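Asker: Compute the structure for the input listed below.
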Amino acid sequence: EDVELEVELNDQKTVILNIKKPDKEAKESTADKDKKGQQTPHQDGGKKKVILKWDEKQIEITDEGFFNAIRKPPPGEDEQGQQTPNKYLGLHLENGKLKAHWFVGLFKLNGKIKDNNAEVIFLVKPKINGLSFSRMFLEVMKNPYAREHFNRGEDWDINPSEFIQLDEDFSDFLIFIVLYYMDVLYKLLRRGLQRSYKKHRENLRGRIRGRVLVGATVVENWPRGKKHYAYCEYNEWTEDILENRILKAAFLKGIGFLRRQGIDDERIGYIGLYFERVSTTRIYPQDFRLTNVQRIRRDYKEALKIAKIILKQLGYDPEVEIKEKTINTVMPHWINMNELFERYVEVKIRNGEIFKDYDVYPGYKDRNIETEIGPLRPDFVLVKKDGSEYIIADAKYKKEYNEEDGWIKEDLAQLSLYGRIRWKKIKKWIGDNFGEKDKFKDKEEPEVYIIYPLNNNSECRWGIAGSFRDIYKIGVRVPTKDSQKHPNA
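Answerer: Model (predicted):
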């Protein structure tokens, strides 16, 4: 059907979105077929069109990716049951309203603005004003448990082959990429730097190494009376190879950028020790084509891809200081803020900043509790170290909970299911997954908490759901782009 929807943006402007159904009468003409009978690229062929209108401007879009974003498949899966989180960066049609849900990011649509033929960029920002997802990511990367469960390809991703320039500051996203690069290097260096044979030419005195270069020795040394010198060429097994010089250059530019942003990563000193025997040299864009992808380890390939992004953004000479500038180029990307917030809350719990003296049993993706009504997975089950108290906590990346009476019925029903109806199943699940069968005492039901992100100037608020027993909410402060330190919960 033809659909017309009004969408209110943050700046209070209204966008009219028309979804036009395919024209069933549209048929290919003979002129629009090539020799093989295939449809030519400019023929519409009855495809859907999206028309966005605002301020008397109009965009016509014929873009399958856009329609995939608007349609609503089962959460997190496509028709074959495969995980497809990247499909969720976009607009989602829900109860007659368009929503962006919990993914932030950016991608380019295939449409053009009619009056000036400009490109159309779709950008979703965090729903909490000023939130810094890079500083949340830093907290997650510091924790060995949480960082293993926030991965590229599953919870966020980038398209490193394309750069888009906008009148926006994307410094926060570049911080995110540099922090990810530090994590990639940290894991890579557990196996040490790769070594390879490197050819050397040297004028040696009183000794010979490798192959003697007779011509160079006679021409360069003998006329100067240096008959006890000989030019030699030899191979040396060394870490000082092109691939490692690229990684070091990106590492030095990255830490310079982080320090300008007031961020200190504790892994920097560890990583720097491994690069002491690698030359610090200027890198050129064409150097990436000279890397030997056949001989390098698999983990080097990801590191080199991210190094290329950092050097392109911050400059190719590691000895040149980074100048203060706005980062206004960015790659298409998406980040699952639900998952990032959940891992951020996990770090706060493990650090004792929310609940103290509790053991934490997180509900990672591979730990579903099978029941007769389907799989369940609470975000966190907390058990007092003496086994006397239990808590079920769910992280909800929803700003509605900042309101005093801000409760969402679906969330309350979900948590009631965890804490009341399925509590015995959850206790058994902890025993099966964590080997803690004897820790629980057969006592009362657990308290249940919703943990949500506080708005910028909000106070940390505890609340009780009116008609629900022992269901509470507690706000967690999230870092902002202007914060030099990461606030405690």
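Asker: alpha carbons only for contacts and neighbour counts from here, please
Answerer: Will do.
Asker: burial measure for residue 274, as a count.
Answerer: 14 (other CA atoms under 10 Å).
Asker: gap between it and residue 452?
Answerer: For residue 274, the distance to residue 452 equals 40 Å [CA to CA, to the nearest Å].
Asker: Then residue 427?
Answerer: 25 Å.
Asker: and residue 417, backbone torsions?
Answerer: Residue 417 adopts backbone torsions of phi -60, psi -40, taken as degrees, to the nearest 10.
Asker: Please point out which parts of stretch 383-398 sit buried.
Answerer: With burial defined by 16 or more other CA atoms under 10 Å, the residues of stretch 383-398 counted as buried are 383-384, 389-398.
Asker: Mind listing residues that contact stretch 254-272?
Answerer: The contact list for stretch 254-272, computed with CA atoms under 8 Å, 6 or more residues apart in numbering, reads 138, 175, 178, 182, 185-186, 189, 310, 314, 321-322, 484.
Asker: let's see 7 Å
Answerer: 175, 178, 186, 310, 322, 484 (CA atoms under 7 Å, 6 or more residues apart in numbering).
Asker: Please, where are all the helices along the stretch 151-300 of the chain?
Answerer: 171-188, 214-216, 242-260, 268-274, 287-290, 298-314 (DSSP state H, counting those that start in this stretch).
Asker: can you put those in JSON lines and add distance to residue 228 and mean pLDDT?
Answerer: Compiled in JSON lines, the helices of the stretch 151-300 of the chain are given as follows (distance: least, CA to CA, whole Å; pLDDT from 0 to 100):
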{"stretch": "helix 171-188", "distance to residue 228": "45", "mean pLDDT": "94"}
{"stretch": "helix 214-216", "distance to residue 228": "13", "mean pLDDT": "93"}
{"stretch": "helix 242-260", "distance to residue 228": "33", "mean pLDDT": "94"}
{"stretch": "helix 268-274", "distance to residue 228": "37", "mean pLDDT": "92"}
{"stretch": "helix 287-290", "distance to residue 228": "37", "mean pLDDT": "90"}
{"stretch": "helix 298-314", "distance to residue 228": "43", "mean pLDDT": "93"}
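Asker: Let me have these in a markdown table, extended by distance to residue 145.
Answerer: Below are the helices of the stretch 151-300 of the chain laid out as a markdown table (distance: least, CA to CA, whole Å):
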| stretch | distance to residue 145 |
| --- | --- |
| helix 171-188 | 13 |
| helix 214-216 | 59 |
| helix 242-260 | 23 |
| helix 268-274 | 19 |
| helix 287-290 | 34 |
| helix 298-314 | 21 |
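Asker: sorry, back to before: the more surrounded of residue 427 and residue 452?
Answerer: Set residue 427 next to residue 452 and count neighbours by other CA under 10 Å: residue 452 wins out with 24 against 16.
Asker: So that one, which state does it fall into?
Answerer: strand (DSSP: H, G, I helix; E, B strand; the rest coil).
Asker: Any stretches of this protein with poor pLDDT?
Answerer: 1-88, 91-98, 109-118, 366-375, 420-422, 429-444, 456-469, 483-489 (pLDDT under 70).
Asker: And the strands in the stretch 101-250 of the chain?
Answerer: Ranges of strands within the stretch 101-250 of the chain are 103-113, 119-124, 156-158, 164-165, 196-205, 211-212, 229-238, based on DSSP state E, counting those that start in this stretch.
Asker: Just send the ones you listed back as a markdown table, with distance to residue 447 too.
Answerer: Compiled in a markdown table, the strands of the stretch 101-250 of the chain are given as follows (distance: least, CA to CA, whole Å):
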| stretch | distance to residue 447 |
| --- | --- |
| strand 103-113 | 30 |
| strand 119-124 | 35 |
| strand 156-158 | 32 |
| strand 164-165 | 47 |
| strand 196-205 | 58 |
| strand 211-212 | 77 |
| strand 229-238 | 59 |
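Asker: Touching, residue 378 and residue 396? I think so.
Answerer: No. Residue 378 lies out of contact with residue 396 (CA atoms under 7 Å); the separation is 11.5 Å.
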